[in-house]
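Student: need a 3D model of the following:
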Amino acid sequence: MRHALLFSVFVIASCGLAYELVAGALSSYLLGDSVLQFSTVIGCYLFAMGAGSWLSKYITRDLIGRFIQIELMVGLLGGFSAIGLFLVFTWMSAPFKLVLYLAVFGVGVLVGLEIPLVMRILKRELAFKDLVSQVLTFDYLGALAVSILFPLILAPHLGMVRTGLLFGLLNVGVALWALHLFRAQLPARPWLAVQSWASFAVLLGGFAGAGQLTTLAESHLYADEIVHAETTPYQRLVVTRWRDDLRLFLNNNLQFSSHDEYRYHEALVHPGLAALPGAKRVLVLGGGDGLAVREILKYDKVESVTLVDLDPAMTALFSTAPALVELNRGALKDKRVTVINADALVWLEESRDYFDFIVVDFPDPNNFALGKLYSSAFYRLLEKRLSARGLMVIQSTSPFYARQSFWCVVTTLEDVGLKTAPYHAMVPSFGEWGFIIASRQDFLPAAVDSAKTRFLTPEIVADLFRFPADMARVPAEVNRLNNQVLVRYFESEWRKVIR
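Tutor: Just a heads-up that it's a prediction; the model follows:
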C-alpha cells in the first residue's frame, strides 16, 4: 500500500505540472509574450497550491474518500482546461484571461490539497522524516518526468487538448486505484465508484473526440475553412481557404494571404537583389513557406539558395501540399535550394559560409524567443556571413502601426556598424509594411525588372524608400539580448491597434 501511494504521488505531481504547462503554452500561443504568460500562470498556480495546502487542514474526516473526490475534480477540471480555454477564446475572447486564471487557480488549489492528504494517509506507515523525504522525492521526480516529456513528446505529438485530457485520465486513474486499494477501509459508497467511472468515461470520450473538439473551436476562431492544422514542437500551424484565397496562420497570427502575398515577397526580395546583378549565393532565414525563395529563383545567376527554418513541419508542408507547392512554384524542391531545419542563431554561430544576399523573414518579434532574432548580437553574427559587397534585407513589422518597433530594428542594425536603407510597401492584408536593407556600403536602389514582378516597377521602387511624416523616424533604443526592448515596443504598439 505504501509503494502504491508513493507511486500515486509521482502521478499526481506529473499531472499538476502538466496542467500548468498546458495553460502556459496555450496562453502564449493565443496571447503571445510567452515570458509574461508562463510567469503569471506559474505564479498564480504556486499561490493556489499554497492556498490548497492551507485549506487541507480543514479536512479532518474521511481522508481517503476526500482524496478520491479531489482526484476526480482535478482530473475533470485540469483535463478539460485546454479545450475549455480554447472555446472561451474563440467564442468570447474578452473574458479569456479571467477564465484562464480562474482555471489555473482552481487546479492549483486542488493540487495543493493532494499531497497533504496523501501524507496524512501515509503517516501511520512511515516515520515523519521518511514520510516527508519519500513523498517529496516522488513529487519532484514526477515534475521532472513531465517537464521532459511535455516539450519533446506530449505537446508535439498529442497537442494541448489531448495532453490535458491524458493527464485528466491519469488523475481519475489514481482515484480508481485508491478506491480499489482502500475498499476494505471505505464504507459502502456506491456513488463514489459511479462518480469515478463516469469521470473516467467522460475524459476518455473527450480524448477520443479531441480532434473534433479542436476543429469545433478553430472553426469559430478562423472565418474560413480550415484545410490543414497541426501542432508542432514550435508552433500551431493552420492553413485556411476561402475560394481561391489560401491563408497561413502561425499561433493565430496571419502570415500571408495568397491574394496579396506577392506584394510582400516582391518588396522583400527584389529591391535588394536587383541591386546585386552578380549575386550567386543567397541565404534565407525563416521563410519556410518558400515564397521568398520563389522570388529569388527568378534570378538566373543565383547558383544556390540556403533556407534555414526552425520547423521541419513547415517546410515539409510547403514541399508536399499541392496547393501550397503551386503557390511557391515548387521552390523548396528546386535543385538550387538546400533546406536546413535549425535554429537560425545557432546555425549562424556554426556556419563558415559567405553569402551575397541574405533575406531575414522571421515572424514579428511578439515574444522573447523571436526577439533574440532581431537583436544586435544576432545582426553581428549575420554581418560575419555577408560577402564583401553583399546586402541583407530584414522584414521589420509595420512602420505605421508599430512605428517605434520598426525604427528600433533600424537603430539596432546601425549599432553593429551597418548602413541602412529603410523602406515600406502596402500589403492589403497587413497595411503598410516595413523592410530594411543593410550593408557595409551605402545602398542605391536599382531598376527592378518588371518581367519578374506583378507589383513592383522601377518607378514604384524609388517611392518605397520615402517615408511620410506619420511614419518618419522616431527615437528608439538598441534591441539587445539582455533587454529585449523591441518586444516591449511591439507588444505596446500592437495592443493599441487590436483594441
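Student: what's in contact with the helix or strand of the chain with the lowest mean pLDDT?
Tutor: Counting by mean pLDDT, DSSP states H and E, the weakest-scoring helix or strand in the chain turns out to be helix 210-221, with a mean of 74. With contact meaning CB atoms under 8 Å, 6 or more residues apart in numbering, helix 210-221 is reached by 83, 86-87, 89-91, 159, 161-162, 165, 206, 226, 229, 238, 252. For the C-beta atoms, the positions are set from N, CA and C on the backbone; glycine is no exception.
Student: and the two most separated of those residues?
Tutor: Gly206 and Asn252 (22.5 Å; CB to CB).
Student: ok, those two, which is more surrounded?
Tutor: More crowded of Gly206 and Asn252, by other CB atoms under 10 Å: Gly206, with 21 against 17.
Student: what about the residue nearest to the more buried one when sequence neighbours are not counted, helix or strand, and which?
Tutor: With CB to CB, 6 or more residues apart in numbering as the criterion, Gly206 has its nearest non-adjacent residue at 4.9 Å, and that residue is Leu165. Counting by DSSP states H and E, the element that carries Leu165 is helix 155-181.
Student: helices and strands around that helix, which ones?
Tutor: With contacts taken as 3 or more CB pairs under 8 Å, 6 or more residues apart in numbering; DSSP states H and E, helix 155-181 sits against helix 2-31, helix 63-79, helix 81-91, helix 190-208, helix 210-221, strand 225-231.
Student: buried ones in the second one, by neighbour count?
Tutor: For helix 63-79, the neighbour count (16 or more other CB atoms under 10 Å) marks 63-65, 67-79 as buried.
Student: ok, what's across the strand from Asp309?
Tutor: Beta bridges link Asp309 to Asn341 when assigned by DSSP bridges.
Student: hang on, isn't it packed against Thr315?
Tutor: Yes: contact criterion CB atoms under 8 Å: Asp309 and Thr315 qualify, at 5.4 Å.
Student: follow-up on the earlier one: restricting to C-alpha, output the least confident helix or strand of the chain in CSV.
Tutor: In CSV, the C-alpha atoms belonging to helix 210-221 read as follows (Å, rounded to 0.1, in the frame of the first residue of the first chain):
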residue,chain,number,x,y,z
ALA,A,210,-10.3,15.7,-29.1
GLY,A,211,-9.8,16.2,-32.9
GLN,A,212,-13.4,17.1,-33.3
LEU,A,213,-13.4,19.4,-30.3
THR,A,214,-10.3,21.2,-31.6
THR,A,215,-11.8,21.5,-35.0
LEU,A,216,-15.0,22.9,-33.5
ALA,A,217,-13.1,25.5,-31.6
GLU,A,218,-10.9,26.5,-34.5
SER,A,219,-13.9,26.7,-36.9
HIS,A,220,-15.0,29.7,-34.8
LEU,A,221,-11.6,31.2,-34.5
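Student: give me the angle between it and helix 155-181.
Tutor: In terms of direction (axes from the mean of the first three to the mean of the last three CA atoms, to 10 degrees), helix 210-221 departs from helix 155-181 by 130 degrees.
Student: wait, a strand at Ile358?
Tutor: Yes: counting by DSSP: H, G, I helix; E, B strand; the rest coil, Ile358 is part of a strand.
Student: can you get me a residue count around it?
Tutor: Using other CB under 10 Å: Ile358 sits among 26 other residues.
Student: what pLDDT is listed against the residue nearest to it when sequence neighbours are not counted?
Tutor: The shortest distance from Ile358 to any non-neighbouring residue, by CB to CB, 6+ apart, is to Met392 (3.9 Å). Met392 is assigned 97 on the pLDDT scale.
Student: Met392 and Leu348 touch, don't they?
Tutor: No: using CB under 8 Å, Met392 is not in contact with Leu348; the gap is 11.8 Å.
Student: what sits in contact with each of the two?
Tutor: Here Met392 and Leu348 share the contacting residues Leu382, scored by CB under 8 Å, 6+ apart.
Student: closest to the centroid, which residue in the chain?
Tutor: In the chain, the centroid-proximal residue (CA atoms, centre = their mean) is Gln235; its distance is 4.1 Å.
Student: about what we covered before: mind picking the one among the contacts of helix 210-221 that's closest to Ser28?
Tutor: Nearest to Ser28 among the contacts of helix 210-221 is Asn252, at 10.8 Å by CB to CB.
Student: ok, how many other residues are close to the closest residue to that closest one other than its chain neighbours?
Tutor: Excluding the flanking residues, the one nearest Asn252 by CB to CB, 6+ apart is Leu30, at 5.9 Å. Neighbourhood size, Leu30 [other CB under 10 Å]: 20.
Student: what sits against Leu30?
Tutor: Leu30 sits next to Leu85, Phe86, Phe89, Phe96, Asn251, Asn252 when contact means CB under 8 Å, 6+ apart.
Student: low-confidence ranges in the stretch 101-250 of the chain?
Tutor: Counting by pLDDT under 70, the stretch 101-250 of the chain contains low-confidence ranges at 124-132, 187-188, 219-220.
Student: for Gly431, give its distance to Val74.
Tutor: Using CB to CB, to the nearest Å, one obtains 45 Å as the distance from Gly431 to Val74.
Student: Ile394 now?
Tutor: Noted for Ile394: a distance of 47 Å to Val74, by CB to CB.
Student: then Ser196?
Tutor: Distance, Ser196 to Val74, by CB to CB: 13 Å.
Student: now the angle from the helix holding Leu165 to strand 225-231?
Tutor: For helix 155-181 against strand 225-231, the angle by the same axes, to 10 degrees is 70 degrees.
Student: Asp309 and Thr315: which is more packed in?
Tutor: Using other CB under 10 Å as the criterion, Asp309 and Thr315 rank with Asp309 on top: 26 against 21.
Student: who touches the more buried one in this structure?
Tutor: By CB under 8 Å, 6+ apart, the residues touching Asp309 are Leu285, Gly286, Gly287, Gly288, Thr315, Val339, Ile340, Asn341.
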